[in-house]
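>>> okay, here's the prediction I keep looking at, along with the sequence it came from:
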Amino acid sequence: MMSILDIIKDTNITFEQRVLGLARAAENSLDVLKMTDYVKEYREAGIICDLFEGNAPYRPRYILPDYDKFIKEGCEFLNIAPPTDIWEATNNLLMFYKHVPSITTMPVYIGNIDYLLEKFVTDENEEESYRAIKLFLKHIDTTITDSFCHANIGPRETKAGMLILKAMRELELPTPNLTLKYSKETTDRLAIESINTALVTAKPSFAKDSMYREDFGGNEYGIVSCYNGLEVGGGAHTLVRVRLGRLAKKAINKSDFMERVLPELAHEMLGYIDERIRFILEESVFFKVNFLVAEGFIEKEKFTGLFGMVGLAECVNHLMELEGNSGRFGNNDLANKLGEEIVKALTKILKDHKCKYFDREEKKHLLHSQVGIETDAGESPGCRIPIGEEPEIFEHIVQASPFHKYFASGIGDIYSFDETYKKNPQAILDIINGGFNMGLRFFSMYGNDCDVVRVTGYLVKKSEMEKLDQGKVVLRDTTILGKGARDNGRVLERKLRKK
Amino acid sequence: MRRAKINKIIKFSNVDGPGNRMSIFFQGCNYNCLYCHNPETINRCNSCGACVDSCPAGALCIVDSKVCWDKKLCVECDLCTEICMRNSSPKTMDYSMEELLEEIKKVSGFIRGITVSGGEATLNYKFITELFKEVKKMGLTTFVDTNGSLDLREDIYSEFIRATDKFMVDMKVWDEKAHIDLTNIDNLIVKKNIEFLGVLGKLYEVRTVIVPEFLDNLETVSEVSRLIGGINSKNQSGEDIIYKLIKYRQVGVRKEILDEKLLEISSPRDEMMEELSKLARSNGVEKVIII
C-alpha cells in the first residue's frame, strides 16, 4: 500500500484519483473487522482477497438504485422533480448518479437507460433526443471516470435503445459499460445493431434474460460493474474472493482438496463475508442515514454478499498434476469435470450457509466468477480457460456452458472477432443463440481491430493504456487496472476468432 | 455406402453465406488456377510418401503402402502440403454420409446452414445431394460454393439443384482467353450457370478475386455486374444477388508457378476496390461486398 505522501506525490494520477487514494489510506489505517487466524493468514498469503475493499466498509460495494422510481417520482432529498422531457430526464439522472456510491465511489449501475428515457423520445424529437443522449453518455464518460459503471438496455427494442447504440458507436468511449438483456422479446434488429456496436466499441454484452429472471425469482435485476447480476433496489454488500490456484497448493491430493481444503476455506471466507456485512449494517451508518435508503430507492433486504472465485483453471491443473494426469482445464474432459465438481461443491456450501443478516431463510450469498485484478499474475479469471490455451470457439462454448448455471451473479467469457464479422454480424448472433441454448448466460465480444477493448470485464481504450505506458496521466482509473491486466494477464492476446 | 474425401471442415465460418455456417471443403478440383490460394485441395493423394519425413510431429506414416495421418499428433504446421509435388494433402479425411452428418449435428445449434466448397464441391454432386436432403431435415440451409464449370442446366443435376438452397459462383475473369490462361478451362459454362441459377432464384452471390495488373479486373467487374444487374431487375423474390469482390492476397499462393512479375503483385488498394464496387453498383448490383 502506498504511503500518504506517495499518493500526494504520484505523478500518474488525476486529482480525483488522489483524493480517492487518500480516503482509502485513511480507511485502511483502521483495524475494526474481526478476523479468525485462518482468515488473517490466508488474506496475508493472498488466497482470500477482498479486492482492496477497505478495512472499514462504510457503504455497500455495489448499489443498484431503483431508477424507475426516481424517474417517476423524483427525489426529495436532492430536490429533483420528475422530468417532463428528454433534457430533464438525462439531466436528472446525471445529478442522481453523482450521489450513488459504490466501492469505487462512483455508480456501478446506472439503470436500464433505454427504458428510463424511452417515454421522452418521439418520432418528432428524435434528432434532439439523439443530441441529448450523446451529451448524456459523454457526460457520464467524463465524470464517472471508471468503466465499472454499467448501463443496461432491452430486452425490448425501443427508440431510445437504438439511439443509445448509435451514439456509443459514434463516441467510442469506454464508459458506461453496457449489457443488452436478450430474450425472445428482443428483435433481430436490436440484436444486430448491438453486435455492430460491440464490434466497434466492445459493448454491449449479451445477457440471457430468461436465465437471470429465473435466478432472481422474477425480481428486477441489473447487470452491473464487470458483469455482476444483482437485484435492482439492492446490490451486494461485499465481494470477497478466493484464488483457487494458490489454494490448491495447500492440498496433498485431489481428495484432500475436495474434502478438507476447499470446505474449510469456504466456511472461513463466508464468515469473513458475514463480518464485513456486519460492519456495514451494524457499525457504519449508511443504511441509517443515506437518502437512497430513506426514500426507498434501495432496501437492505435486497442486498446480498458475493463469494468470488478466480483461478479455477490453475487449481484444476495443479490437482490434475498431483493425480499424475497431464490433462489441462479447457482442453480435457477429466479436467473440465473436475472444475465443475469444484464449483458444484462451492454451490452446495453456499446454499447450506445461513447469514444472520439476511431476513429470509432462503436468501443466500451468490457465487461470482470473478475476473481478477491487475496484479493477478498466473491466475486466470473465474472459470475461464487461460489466455492462449482457448480451443476453437465451438469447443470453447461447449466447455464454458456447464459453468454458467452456477453463477447467478455473473460469469462470462470474452470472444474477440476479426473484422470480417462486421460484414456478417448475423454469424455472431447465430453463435450467441447457440451458446444461450447450450447454457451460457453471458456473452461478451469485441472487434480485435478496435481502440475500445474489453479487458477482464470492463472496458478500456488501447490508446489510453499507451498514454499510461509513456507515464502520462489518464482520466479513468480503469485504464490503470487495464494496463496491469494487459501486462500481467496477457488479456490482449486472446485467440482471435477467425478461420 | 457413399463416402467422400474431405480436405477440411470449418465448424464456424462467417464468409460462406448468410449467418454462421459450417463449411465443408471437398478434396479435388478440375481447375488449376495460377493464383490458387489452397492448391493442396486440387488433387488426390497418391501416397508417394514424400511428405512423411517432413512431418516434425510424427503425425504421418505409411501403412500398407498408404500415407496415413494422425490428427491427434498433427500440429497443423502444413509442411506436408508445402512439400507435396502433386497439389494434394495427406491430411484429407474419408467421411461416410453418417459420419459427416454426425459432425454437422454437433454444431447444428450454432449455425444456420452448411456450405460445401473445395476443391470443387460439385464434382461430388451425388454425395452432396444425399447429404443436403438429410441436412435440410435438421432445419439447416444448404449452400454450394462452386467454380461453375459443370453445366448445371443438364438433367443429371436437377435433383442436386433442388436440394441446394443457394449457389455461390466464382467468376474469375470475363475474357475467355484470360480464363483459359488462368484455369486451363474456358468460362462459357460459368456465364451460362450464373444466368441459369440467377433466373431460378438459386444464386446467392458471385465472387471475383481482384488481382491488380494481372487480370483485367475492370472488364470482369463491369461485365459481371451488368449480368447480375440484368438478373436482379427481373428478380421477383426481392433477394438481390450479392457481388463479392475479394482482394487478392499472397497467403497460400504457389510461388513456384508464378513468374517473377507475378510474385510482385500485392493486394489491391482500398481505393481500387471502392472504385470497382462503385462501378458494380452503377451497373445495377445493389449488394456489393468487399473482403
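Nice, I can see it.
>>> and the closest residue to chain B within the stretch 201-350 of chain A, how far is that from residue A:316?
The nearest approach of the stretch 201-350 of chain A to chain B comes at residue A:331, 12.2 Å away (CB to the nearest CB). All C-beta spots, glycine's among them, are computed from the backbone N, C-alpha and C. As judged by CB to CB, to the nearest Å, residue A:331 and residue A:316 stand 11 Å apart.
>>> that older thread, hang on, isn't the residue of the stretch 201-350 of chain A closest to chain B packed against residue A:392?
No - applying CB atoms under 8 Å, one finds residue A:331 not in contact with residue A:392, separated by 10.6 Å.
>>> bridge partners for residue B:68, pull those for me.
When bridges are called by DSSP bridges, residue B:68 pairs up with residue B:61.
>>> need the pLDDT of residue A:131.
We have a pLDDT of 98 for residue A:131.
>>> outside of stretch A:456-463 itself, list whatever touches it.
Here stretch A:456-463 makes contact (CB atoms under 8 Å, 6 or more residues apart in numbering or on different chains) with A:146-148, A:172, A:174-175, A:177, A:201-203, A:225-227, A:371-372, A:381, A:412, A:414, A:444, A:451-453, A:476, A:478-479, A:481-483, A:485, A:489, A:491-492.
>>> if we go to 7 Å?
Stretch A:456-463 is contacted from outside by A:147-148, A:174, A:177, A:202-203, A:226-227, A:371-372, A:381, A:412, A:451-453, A:478-479, A:482, A:485, A:491, using CB atoms under 7 Å, 6 or more residues apart in numbering or on different chains.
>>> next, the distance between the ends of that stretch.
Using CA to CA, to the nearest Å, the end-to-end distance of stretch A:456-463 comes out at 17 Å.
>>> how many neighbouring residues does residue B:214 have?
Residue B:214 sits with 18 neighbouring residues when counted by other CB atoms under 10 Å in any protein chain shown.
>>> and it, what element?
Taking DSSP states H and E as the criterion, residue B:214 maps to no regular element, lying outside all helices and strands.
>>> near residue A:273, how many other residues are there?
Counted with other CB under 10 Å, residue A:273 comes out at 26.
>>> swap in the one 5 residues further on?
Taking other CB under 10 Å as the criterion, the count of residues near residue A:278 is 17.
>>> can you tell me the SS state at it?
helix (DSSP: H, G, I helix; E, B strand; the rest coil).
>>> same question for the one 3 residues further on.
Applying three-state DSSP to residue A:281 yields a three-state assignment of helix.
>>> report the contact partners of the residue sitting nearest the centre point of chain A.
The residue lying closest to the centre of chain A (CA atoms, centre = their mean) is residue A:226, at 2.1 Å. Residue A:226 makes contact with A:148, A:371, A:456, A:457, A:458, according to CB under 7 Å, 6+ apart.
>>> just send these back as TSV, with secondary structure too.
Compiled in TSV, the contacts of residue A:226 are given as follows (three-state DSSP):
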residue	secondary structure
A:148	coil
A:371	coil
A:456	coil
A:457	coil
A:458	coil
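>>> those residues into CSV, with extra columns for neighbour count and pLDDT?
Listed next are these as CSV, based on neighbours: other CB atoms under 10 Å in any protein chain shown; pLDDT from 0 to 100:
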residue, neighbour count, pLDDT
A:148, 27, 91
A:371, 28, 85
A:456, 25, 75
A:457, 26, 75
A:458, 26, 80
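>>> out of those, which is nearest to residue A:322?
residue A:371 (26.3 Å; CB to CB).
>>> the residue nearest to the centre of chain A sits in which helix or strand?
Short version, using DSSP H and E: residue A:226 is in no helix or strand.
>>> nearest residue to it other than its sequence neighbours?
residue A:457 (2.4 Å; CB to CB, 6 or more residues apart in numbering or on different chains).
>>> the one you found and residue A:169, how far apart?
Residue A:457 is 21 Å from residue A:169, where distance means CB to CB.
>>> equivalent analysis for residue A:113, please.
16 Å.
>>> can you tell me the SS state at residue A:100?
Assigned state for residue A:100: coil (three-state reduction, three-state DSSP).
>>> OK, contacts around it?
Applying CB under 7 Å, 6+ apart to residue A:100 gives the contacts A:63, A:65, A:107.
>>> could you dump those residues to JSON lines with distance to residue B:251 and secondary structure?
As requested, the contacts of residue A:100 are exported to JSON lines (distance: CB to CB, whole Å; DSSP: H, G, I helix; E, B strand; the rest coil):
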{"residue": "A:63", "distance to residue B:251": "51", "secondary structure": "strand"}
{"residue": "A:65", "distance to residue B:251": "53", "secondary structure": "coil"}
{"residue": "A:107", "distance to residue B:251": "47", "secondary structure": "coil"}
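>>> determine the longest helix present in the chain.
I went with chain A, as the question did not name one. helix A:333-352 (DSSP state H).
>>> not what I meant, chain B
Under DSSP H, the helix in chain B containing the largest number of residues is helix B:217-234.
>>> the next helix or strand after that one pairs with which strands, parallel or anti?
Next along the chain after helix B:217-234, taking DSSP H and E as the criterion, comes strand B:242-247. With DSSP bridges as the test, strand B:242-247 is paired with strand B:203-210 (parallel), strand B:287-290 (parallel).
>>> averaged pLDDT, the shortest one. What do you get?
Meaning strand B:287-290. 92.
>>> which parts of chain B are strands?
B:3-13, B:21-26, B:60-63, B:66-69, B:93-96, B:113-117, B:141-146, B:166-170, B:203-210, B:242-247, B:287-290 (DSSP state E).
>>> so residue A:331 and residue A:316 - more neighbours on which side?
Taking other CB under 10 Å, residue A:331 and residue A:316 do not tie; residue A:316 has more neighbours (30 against 15).
>>> ok, the more buried one touching residue A:330?
No - using CB atoms under 7 Å, residue A:316 makes no contact with residue A:330, being 8.9 Å away.
>>> using PDB, write out every CA atom in the helix or strand following the longest helix of chain A.
Using DSSP H and E, the helix or strand that directly follows helix A:333-352 along the chain is strand A:366-369. Provided in PDB are the C-alpha atoms of strand A:366-369 (Å, rounded to 0.1, in the frame of the first residue of the first chain):
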ATOM      1  CA  LEU A 366     -24.200 -15.600  -4.500                       C
ATOM      2  CA  LEU A 367     -21.300 -17.200  -6.300                       C
ATOM      3  CA  HIS A 368     -19.400 -14.900  -8.600                       C
ATOM      4  CA  SER A 369     -16.900 -16.000 -11.200                       C
END
